[in-house]
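Visitor: The following comprises the amino acid sequence and a computationally predicted model.
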There are 4 protein chains.
Amino acid sequence: MSDEPPAGYPTSLGTSDAATIRLLGQDLAGELMGTVGFGELAMWLVTLERPTPHQVRVFEAVLVALADHGFTPTAIAARLTYLSAPDSLQGALAAGLLGGGSRFLGVTEDCGRFLADTLERHAADGAGPPSDDAGWDALALDAVRRTRTAKQLVPGLGHPVHKERDPRTPRLFAIAEAEGLLGPHLRLFAAVGRVHEQVLGRRLPLNGAGVCGAALADLGLPVDLLRGFALLARTAGLLGQLAEERRRPIAMDVYTSVDRNATYVEPD
Amino acid sequence: MSDEPPAGYPTSLGTSDAATIRLLGQDLAGELMGTVGFGELAMWLVTLERPTPHQVRVFEAVLVALADHGFTPTAIAARLTYLSAPDSLQGALAAGLLGGGSRFLGVTEDCGRFLADTLERHAADGAGPPSDDAGWDALALDAVRRTRTAKQLVPGLGHPVHKERDPRTPRLFAIAEAEGLLGPHLRLFAAVGRVHEQVLGRRLPLNGAGVCGAALADLGLPVDLLRGFALLARTAGLLGQLAEERRRPIAMDVYTSVDRNATYVEPD
Amino acid sequence: MSDEPPAGYPTSLGTSDAATIRLLGQDLAGELMGTVGFGELAMWLVTLERPTPHQVRVFEAVLVALADHGFTPTAIAARLTYLSAPDSLQGALAAGLLGGGSRFLGVTEDCGRFLADTLERHAADGAGPPSDDAGWDALALDAVRRTRTAKQLVPGLGHPVHKERDPRTPRLFAIAEAEGLLGPHLRLFAAVGRVHEQVLGRRLPLNGAGVCGAALADLGLPVDLLRGFALLARTAGLLGQLAEERRRPIAMDVYTSVDRNATYVEPD
Amino acid sequence: MSDEPPAGYPTSLGTSDAATIRLLGQDLAGELMGTVGFGELAMWLVTLERPTPHQVRVFEAVLVALADHGFTPTAIAARLTYLSAPDSLQGALAAGLLGGGSRFLGVTEDCGRFLADTLERHAADGAGPPSDDAGWDALALDAVRRTRTAKQLVPGLGHPVHKERDPRTPRLFAIAEAEGLLGPHLRLFAAVGRVHEQVLGRRLPLNGAGVCGAALADLGLPVDLLRGFALLARTAGLLGQLAEERRRPIAMDVYTSVDRNATYVEPD
């Protein structure tokens, strides 16, 4: 890098002058507000292309599916933080989002990446996409076997509560199909659902976080940012949790119940 | 509090059993996914009542207005954090949201609270809401005078860039009016726009963050959580900023430009 | 501000060139590492003056007093975040610190500010500092009365567990006295302990967070940053909590215990 | 897990009753405050064993080395967050810590892990630790070759500014040697410094973050938490940065300089 200041900081997002605010090259007030939905804008901000209504419907169905899962560790952490620092709503939201890592909220991204990597490897072999279920099944079988051989978990399989069937999964497949958006990631994920038992020796449900990752990847969203959409959805859910904490607080009871049951143990 | 464990942790949000996921008392898969929009759900999660399409249109217009303002301090902070810790997207988003405090992003909440407090004081005096512009102007004049006397700023007035007119303001008034949602907070805010020059001695524009706060308050959203909706909108904007940072990075240049221009000064 | 780039970004902290790293105008490797303690450096970084050994002893006693309070809401939030995102230790620490707001961790700063404001008002009246206990008592009585009249709480009084006496309080007074650092903030705080019963009608203990705020203010640390030292202390405590979470996890049990006891309630 | 409440939440850290506060099995007021230093306590909280004065000196030298590196991305992010939300010091500190991830602050942990893994593999082969430099060099050579073969970077090598020699490195070796704490991780790291040129074809300095990781590992601190000590050190540095931001603000200039140089580019 030279010693000169940069020629400029490029952006295709928000810019403004005295009279106008532009976002994504559009007039924010005249062309976006009241015309474009919030989910629509969220996709557009990432892809830089206005999504179609079909894409928006699938995208918003994913956000709705991921918004709130009740008393998750992240919801509890947000409520405890709000209890301690009620003057800083942004801190409570941030604390909740910080739990959006590898273990609970990460499945969406992990599953999207697993599917995308499998498709990419297949394409790199010079093969076109499978043309029928048998072709998808073969591809899925190979991917599940590789994952098993590498002693890793297949993302998107199994759920601690919905042991038989996660109700979000068939619903999202149906929505994507109705909108003409059943793409290669979802097709491959469906095939994983059909074939994994051959390798793993037991049947697990395709979970909701996984199918959301597959659907987001089919929408053309970057795989490395899929976790971000789960976090966007969760932000709405956390706002709901904090609104409820104001109406019917539980954080003090949670804290008290832990503190009261503390048992001192001597270090080993 | 007694020594007994709490009878239970009450919630009206997400709950689930092996076969079903419920959210807000609805079947998540069957009744919400694909049927309810994301903005609609975000309102519902906070108010516990399904919003009307009119309310959703105003609400989403607000979120669209607040989503991204270009290279704000929060956008830069998120990009710098992503540069330093690219493995933790949630950390970069959280860092961006943590700037959503009193100074930049807080105007929405401050303005909503200023208007709500004024209306509450008026109602506590036993007076009904004003019936014409003259009535609203008198109420606004009194509120601006009190604020001035207390040596505080009137929230929602003035903008560093849009010195004459913030284009979001007339647009949001028009949308709210078209949807039949021009309520007391927006009416009072309009009156503040008409009368403040009499007290402050100069004419300032009603800014976009302020009109968003007025509109959210008219939607019946709790004033103490208004900042939260600005943060939800900003989460989508920050995702856009991070997607752009991946495509056209600027954070390293920003860092280098600051570091290279560091000048050591002796402590006083 | 003009359109010209800033002449430079001034700093008295860290700078470096190819051969040397300087911090606070010192050679980091040659003059600080191995010579200056960590607490000593933390004070120096804020005050820009090297503290005396007496000051360091009081300062470190405060940090030790504030480092860990067991299963606080912030410790639980950090552990839950670590459970959810074990790949991001920084996220778990940040989540824990975000609870360092007004309610639990803020007392240190609130108390320091209350004492500093009282002393400033007294000095503004042209009066010198009190010369005996009777003088301090009169000043404290006035301050407690004003606070009571304003319907505010006197910071630093009372504790949910240590209802009679907080053991940190006499100990920190003794350390400050031994080091010749019993300054006006601590003297005033002691007087608050003697006189508040006359105004409040009951006797409350001076709590540990409060005495820490008084001691930090007497060390000349800026009142607006006192919360920061509580956060520094807490960072060490949170590291201890996370190390323990690795050895003897409780976060999954806390989460399960909350989730299992969720009770759905219909919205009102 | 059964439906019964947990028998208790075990902890060896802070517990209290009406009269006493205990930490690590000690009386906080009587045995720790004024007696134990802050760095000493921070180690103790993690290891559950009181460190020796020799260990404390090495540990504090590491913290001093890592506390502040001037205008790093994390320092700038913290200052920008403080500009936006000056009411929430904890948010600005948290934003700064969130940059403590893989890229900049992670070297300490990565280097400690690289060394620990190498030693563990060596021990698993049934071999005792090398008894002379030649033995260490052979072990280092093997580790560097494996890393190179795996197309990964050797952590702790090279620095963008200190291209010849990082002044912290010889200093920390000297301190550890003086305290009798030159353990296997530091010895192996020194050997990496001697042999890497044979594999990489050029000579790189052992950097400060790397040597700190080696020293922390030799102190017996858990490798998976090494990043945490860098974050503890950085918390003190960030406090210094925020204190300076109050005295000599730069965040507004940084923001303005970025915002003013924004250049709109059409999406591709």
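Guide: Arrived safely, thanks for sending. Values in this document were obtained by computation on a predicted structure and should not be read as measured data. Numbering: from 1, shown residues only, chains lettered A, B, ... in the order given.
Visitor: Could you find the closest non-adjacent residue to A:Val258?
Guide: C:Phe71 (4.7 Å; C-beta to C-beta, 6 or more residues apart in numbering or on different chains). The C-beta positions use only the backbone N, C-alpha and C, and glycine is treated the same way.
Visitor: need the residues of the stretch 1-150 of chain A near chain C, please.
Guide: Listed as neighbours of chain C in the stretch 1-150 of chain A under the rule C-beta under 8 Å from any C-beta of the partner chain: A:5, A:70-74, A:76-77, A:80-81, A:83-88, A:91-92, A:94-95, A:98-106.
Visitor: buried stuff in the strand or helix carrying A:Ala174?
Guide: Taking DSSP states H and E as the criterion, A:Ala174 maps to helix A:168-178. Along helix A:168-178, these residues count as buried under the neighbour rule (16 or more other C-beta atoms under 10 Å in any protein chain shown): A:Arg168, A:Thr169, A:Arg171, A:Leu172, A:Phe173, A:Ile175, A:Ala176.
Visitor: Then stretch A:152-160?
Guide: A:Val154, A:Pro155, A:Gly156, A:Leu157, A:Gly158, A:His159.
Visitor: Output the residues you listed as a markdown table; include the columns pLDDT.
Guide: Shown next, in a markdown table, are these (pLDDT from 0 to 100):
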| residue | pLDDT |
| --- | --- |
| A:Val154 | 95 |
| A:Pro155 | 95 |
| A:Gly156 | 95 |
| A:Leu157 | 96 |
| A:Gly158 | 92 |
| A:His159 | 90 |
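Visitor: ok, so of those residues, who is nearest chain B?
Guide: A:His159 (9.4 Å; C-beta to the nearest C-beta).
Visitor: which residues touch the closest one?
Guide: A:Asp166, A:Pro205, A:Asn207, A:Gly208 (C-beta atoms under 8 Å, 6 or more residues apart in numbering or on different chains).
Visitor: what's the answer for A:Pro73, then?
Guide: Residues near A:Pro73 by C-beta under 8 Å, 6+ apart: A:Gly99, A:Phe104, C:Leu80, C:Thr81, C:Leu83, C:Ser84, C:Ala251, C:Tyr255.
Visitor: Name the member of those with the most neighbours.
Guide: In terms of neighbour count, C:Thr81 stands highest of those at 35 neighbours, by other C-beta atoms under 10 Å in any protein chain shown.
Visitor: Not counting its neighbours along the chain, what's nearest A:Arg79?
Guide: Distance criterion C-beta to C-beta, 6+ apart; nearest residue to A:Arg79, sequence neighbours excluded, is A:Ala251 at 4.2 Å.
Visitor: Please read the previous query as pertaining to A:Gly112.
Guide: Using C-beta to C-beta, 6+ apart and skipping the chain neighbours, the partner closest in space to A:Gly112 is A:Gly213 (3.6 Å).
Visitor: Mind checking what secondary structure the one you found has?
Guide: helix (DSSP: H, G, I helix; E, B strand; the rest coil).
Visitor: Regarding A:Arg57, what is its secondary structure?
Guide: helix.
Visitor: I'd say it and A:Glu179 touch.
Guide: Yes - counting by C-beta atoms under 8 Å, A:Glu179 is a contact partner of A:Arg57 at 5.5 Å.
Visitor: Who has more neighbours out of those two?
Guide: A:Arg57 (21 against 17).
Visitor: List the residues that contact that one.
Guide: A:Ile175, A:Glu179, B:Gly34.
Visitor: before we move on, back to that, mind putting the buried residues of stretch A:152-160 into JSON lines with secondary structure?
Guide: Compiled in JSON lines, the buried residues of stretch A:152-160 are given as follows (three-state DSSP):
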{"residue": "A:Val154", "secondary structure": "coil"}
{"residue": "A:Pro155", "secondary structure": "coil"}
{"residue": "A:Gly156", "secondary structure": "coil"}
{"residue": "A:Leu157", "secondary structure": "strand"}
{"residue": "A:Gly158", "secondary structure": "coil"}
{"residue": "A:His159", "secondary structure": "coil"}
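Visitor: So which of the contacts of A:Pro73 are in helices?
Guide: With helices taken from DSSP state H, the overlap with these comprises C:Leu80, C:Thr81, C:Leu83, C:Ser84, C:Ala251, C:Tyr255.
Visitor: Taking those, tell me the two that lie furthest apart.
Guide: C:Thr81 and C:Tyr255 (11.2 Å; C-beta to C-beta).
Visitor: would you list every one of the strands in chain A?
Guide: Taking DSSP state E as the test, the strands found in chain A are A:9-11, A:14-16, A:21-23, A:26-27, A:262-264.
Visitor: Low-confidence regions, the stretch 1-150 of chain A specifically.
Guide: A:1-7 (pLDDT under 70).
Visitor: how about the helices in it?
Guide: Secondary structure of the stretch 1-150 of chain A (DSSP state H, counting those that start in this stretch): helices at A:38-47, A:53-66, A:73-84, A:89-98, A:107-124, A:133-149.
Visitor: which of those is buried the deepest?
Guide: Per residue and on average, the most neighbours among those fall to helix A:89-98, with a mean of 32 (mean count of other C-beta atoms under 10 Å in any protein chain shown).
Visitor: Excluding sequence neighbours, find me the nearest residue to A:Pro167.
Guide: A:Pro167 sits nearest to B:Ala29 (C-beta to C-beta, 6+ apart), 3.9 Å away.
Visitor: typo on my end, A:Pro129
Guide: A:Pro184 (5.5 Å).
Visitor: A:Pro249 too?
Guide: Once flanking residues are discounted, A:Pro249 sits nearest to A:Leu83: 7.5 Å by C-beta to C-beta, 6+ apart.
Visitor: now that neighbour: how far from D:Gly183?
Guide: Distance of A:Leu83 to D:Gly183, computed by C-beta to C-beta, to the nearest Å: 43 Å.
Visitor: can you pull the contacts of the residue nearest to A:Val258?
Guide: A:Tyr255, A:Val258, A:Asp259, A:Ala262, D:Tyr9, D:Thr11.
Visitor: Now it: phi and psi?
Guide: Per-residue torsions, C:Phe71: phi -80, psi 70 (degrees, to the nearest 10).
Visitor: Contacts only, for the residue in the stretch 101-250 of chain A that chain C sits nearest to.
Guide: Here the residue of the stretch 101-250 of chain A nearest chain C is A:Gly101; by C-beta to the nearest C-beta that distance is 2.2 Å. When contacts are counted by C-beta under 8 Å, 6+ apart, A:Gly101 touches B:Ser88, B:Gln90, C:Ser84, C:Ala85, C:Pro86, C:Asp87, C:Ser88, C:Gly91.
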